[in-house]
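Undergrad: structure of the sequence below:
(2 chains)
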Amino acid sequence: MGGVAALWPFVSQMNPDASTIAAGAPIEVDLAPIAEGQDIKVFWRGKPIYISHRTKKQIDEARSVPVSSLPDPQTDQARVKEGHDQWLVVIGICTHLGCIPIAHEGNYDGFFCPCHGSQYDSSGRVRQGPAPANLPVPPYQFVSDSKIQIG
Amino acid sequence: MSGPSDYQPTNSALKWIERRLPILGLMHSSFVAYPTPRNLNYWWTFGAILSMMLGVQILTGVILAMHYTPEATMAFKSVESIVRDVNYGWLLRNIHASGASMFFLAVYIHMFRGLYYGSYKEPREILWILGVIIYLLMMATGFMGYVLPWGQMSFWGATVITNLFSAVPYFGESIVTLLWGGYSVGNPTLNRFFSLHYLLPFVIAGVVVLHIWALHVAGQNNPAGVEAKTEKDTVPFTPYATIKDAFGVSCFMLFFAWFIFYMPNYLGDADNYIPANPGVTPAHIVPEWYYLPFYAILRSIPNKLAGVTAMFSAILVLAFLPWLDTAKTKSSKYRPLAKQFFWIFVIVCLLLGWLGGKPPEGIYVIAGRVLTFCYFAYFLILLPLLSRIERPRSIPNSIADDVLAKTGSRSTPMVSTAIALAVAGALFAGSAQNARAADHEEVPPSQKWSFSGPFGKFDRGSLQRGLKVYKEVCSACHGLSYIAFRNLADAGGPGYSVAQAAAFASDYKIKDGPNDQGEMFERPGRPADYFPSPFPNEQAARAANGGGLPPDLSLITKARSYERGFPKFVFDFFTQFQEQGPNYVDAILQGYEEKPPAGVSIPEGAYYNKYFPGHAIKMPKPLSDGQVTFDDGSPATVAQYSKDVTTFLMWTAEPHMEERKRLGMQVFVFLIIFTGLMYFTKKRVWADAH
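TA: Next up, the predicted model:
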């Protein structure tokens, strides 16, 4: 028991230190400058985050797909905030081996990862390729209609 | 330990030491009097080669660590500082980087030797397992070492490999955060990798001591697989094995020197000359060649956790060999079936390595799965099966009999296998070059460069004209931040005098400060200043260039490459072709066309360029005829400007190239003579033993 207790500080120091955690504190992003059909990339906790202002076409396309046919089934509604369906916020890291997919590319008007060819749709869900999961949605909330806080 | 320890020094000072710490006796019984089988062939010299390589890597590594800065914003630059400014820094860096590859090459040969001759069998099981531990430690060390320069491949390779641990159920994400020390690969990761990279080689050294101890308990295995029984079977380690090892080491050094002095970037990736950028993923993330077979196995399995498990299992299965292969006959020389399957296994490993460098599409995926199956089948199905059903040939009675039975064709199998392996190895190593898929790219035409080949030199006139082109055209958008004005007067460069370099510098306005009022001010440039960048930061550069970021040009000719294809990359190794970068830059500058070909659309704000990947380049055509006039009367044409500025940029990427080639020639001459001397001495020493 004493041995484990003695060992713990040596293990714990490997975890993110206070300054790293502070640098990873939540950030606010102003959505007003993002036009419909446009997306931007911000960095939070060292990860790229895509914020997409989706067109009605993109939202309809995402919602008309039978969920059971998806490699990682998830409804579009579950991936956006209610009342703010036009905003898609996803972490831009391919769930296969970590490359950054390119926005507005691929057959699904979503994201295309150039490393091994995974393709995501306009809801950031994986549709084809070796990626096993949908693009993760980071924790975020709307502080006003035109501003979100990520983290 | 083992071996005769009846050593008594004659010198009284040494006697005094020996009585208190019998280290001299230990050295004597382990490396002088130690009985060595007299029928060992040259595959047994790799133990000594590996010990030497560990020493070389530790020595060069510790010295590099005196000049390297393990911090994310400074690491890349510190490595370039080593290469450019530290005395013989370029040499130390080349030795350490090429040395890692040589270290792995030697360890693979050493391991395959063990596989073929059954060196893992009783009573050498622990010796073998210690070897597997050393191998694992080497892989960890090599992986972390590659991250340290903090280039694109360093960063993204680290991202991919650390992400593997997220496959562990439940704890995966926490483990990855623990490894990273943050929420992504970043500065904490780099710092700890540096600490561990410095530590592990000493852990390796400790395990090597255990490894040699275990070896000396059992004694060496030998090509006949028959244990030594009498004194007639063995010779004392010194001088017999010592001189044979010295000759083997010398030949190895020749091969090593070829990489250090003539092909330092052959096994590397051009992308690692681009500083790490977390926002841009390289098109092809590939590990160094020595990890490629395991990378292929990882990617063959569609499930993430299964793939990771398969990859680690591929290494761990080695530890179980003594219990998987229980055949009594040790050496495959006397096991005709096992011998054939061994060579098939070698080919499977080479093919897996080649596949690891290919994009995981189409037929490569299927081939990868088949070969992964073959790899595991060899250990888990074939070897246990052969132990039961194979009828081996009769083995010699003793080592002495084995030596007497030989008819002089001894060296031939070794030489021909070595050549075959060298060719296969060259193919395999060259495949690391081919990680870039063709992707319908236009291959830049090969130009003649004055600096190519073992005697290549920079054309001074060309360098000076290139500098003029850079200054008058390129410097408007592109920085050259690794070159200082003083470098213009360095040997092997444009050949300006110190006074000329100072005058050149004084034309520039350099920001300096703060002064005593706390304000920044401008002053004329000095030789110690670096070429100023046209923009203060990335955002300003992008704003002025339609969103595109003009790259710094100091390293551009080393940061760009293209596939040479088979069999060109094999010949390249021997002809020393390494001019992909300059060919590419030269082609880009002249590759603009007014109208893109039919079917190719170029977005607004971009221009069609025949050789730029994707063909849409954000840089408008930079050169036109008559734009720059040359004092020496050289033609004022785009072709001339391209040639000269590319030559200049090759110099900025590698200022010490001429010195590297010159020293290389001296080292080669010395090593060839030395190897010859070693060979004749070895023949002399062994004359009575054969």
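
Undergrad: which residues of the stretch 401-550 of chain B score low on pLDDT?
TA: B:406-441 (pLDDT under 70).

Undergrad: those residues of chain A touching chain B, which are they?
TA: Residues of chain A lying near chain B by Cβ under 8 Å from any Cβ of the partner chain: A:11, A:14-17, A:20, A:24, A:41, A:43, A:45-48, A:97-100, A:114-117, A:130, A:132. Every residue, glycine included, has its C-beta placed from N, CA and C.

Undergrad: quick one: least confident helix or strand in chain B?
TA: When the helices and strands of chain B are scored by mean pLDDT, DSSP states H and E, helix B:411-433 comes last with a mean of 60.

Undergrad: residue closest to the middle of chain A?
TA: A:Val90 (1.8 Å; Cα atoms, centre = their mean).

Undergrad: am I right that that one falls within a helix?
TA: No: membership of A:Val90 in a helix is not supported by DSSP: H, G, I helix; E, B strand; the rest coil, which gives strand.

Undergrad: surely it meets A:Ala133?
TA: No: counting by Cβ atoms under 8 Å, A:Ala133 is not a contact partner of A:Val90; they are 11.5 Å apart.

Undergrad: any idea whether A:Ile49 is helix, strand or coil?
TA: From three-state DSSP, the assignment for A:Ile49 is strand.

Undergrad: please read the previous query as pertaining to B:Asn515.
TA: coil.

Undergrad: beyond the helix ranked longest in chain A, next helix or strand please.
TA: Counting residues, the longest helix found in chain A (DSSP state H) is helix A:2-12. Sequence order places helix A:18-23 as the next helix or strand after helix A:2-12, per DSSP states H and E.

Undergrad: can you name the element that comes right after that next one?
TA: Heading C-terminal from helix A:18-23 (DSSP H and E), you reach strand A:27-30.

Undergrad: can you list the strands that that following strand pairs with?
TA: strand A:147-150 (antiparallel) (DSSP bridges).

Undergrad: buried residues in the strand it pairs with?
TA: A:148, A:150 (16 or more other Cβ atoms under 10 Å in any protein chain shown).

Undergrad: would you map the strands across chain B?
TA: B:35-37, B:234-236, B:509-512, B:521-524, B:607-608, B:616-617 (DSSP state E).

Undergrad: select, out of these, the one closest to chain A.
TA: strand B:616-617 (13.8 Å; Cβ to the nearest Cβ).

Undergrad: who does that closest one pair up with?
TA: strand B:607-608 (antiparallel).

Undergrad: avg pLDDT for the strand it pairs with?
TA: Computed over strand B:607-608, the mean pLDDT rounds to 91.

Undergrad: so what's the gap between it and the chain middle?
TA: Chain-centre distance of strand B:607-608: 36 Å, with Cα atoms, centre = their mean, to the nearest Å.

Undergrad: what lies in contact with it?
TA: Contact partners of strand B:607-608, identified using Cβ atoms under 8 Å, 6 or more residues apart in numbering or on different chains, comprise B:592-593, B:595-596, B:600, B:602, B:615-621.

Undergrad: okay, those in a markdown table with neighbour count and pLDDT next?
TA: Converted to a markdown table, the contacts of strand B:607-608 look like this (neighbours: other Cβ atoms under 10 Å in any protein chain shown; pLDDT from 0 to 100):
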| residue | neighbour count | pLDDT |
| --- | --- | --- |
| B:Tyr592 | 19 | 94 |
| B:Glu593 | 12 | 92 |
| B:Lys595 | 8 | 88 |
| B:Pro596 | 15 | 88 |
| B:Val600 | 11 | 81 |
| B:Ile602 | 15 | 82 |
| B:His615 | 21 | 86 |
| B:Ala616 | 16 | 85 |
| B:Ile617 | 19 | 89 |
| B:Lys618 | 17 | 88 |
| B:Met619 | 20 | 93 |
| B:Pro620 | 11 | 94 |
| B:Lys621 | 16 | 95 |
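
Undergrad: got those as JSON lines, with distance to B:Pro551 columns?
TA: Formatted as JSON lines, the contacts of strand B:607-608 follow (distance: Cβ to Cβ, whole Å):
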{"residue": "B:Tyr592", "distance to B:Pro551": "18"}
{"residue": "B:Glu593", "distance to B:Pro551": "22"}
{"residue": "B:Lys595", "distance to B:Pro551": "27"}
{"residue": "B:Pro596", "distance to B:Pro551": "23"}
{"residue": "B:Val600", "distance to B:Pro551": "24"}
{"residue": "B:Ile602", "distance to B:Pro551": "20"}
{"residue": "B:His615", "distance to B:Pro551": "18"}
{"residue": "B:Ala616", "distance to B:Pro551": "16"}
{"residue": "B:Ile617", "distance to B:Pro551": "12"}
{"residue": "B:Lys618", "distance to B:Pro551": "11"}
{"residue": "B:Met619", "distance to B:Pro551": "10"}
{"residue": "B:Pro620", "distance to B:Pro551": "16"}
{"residue": "B:Lys621", "distance to B:Pro551": "17"}
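
Undergrad: appreciated, that's everything.
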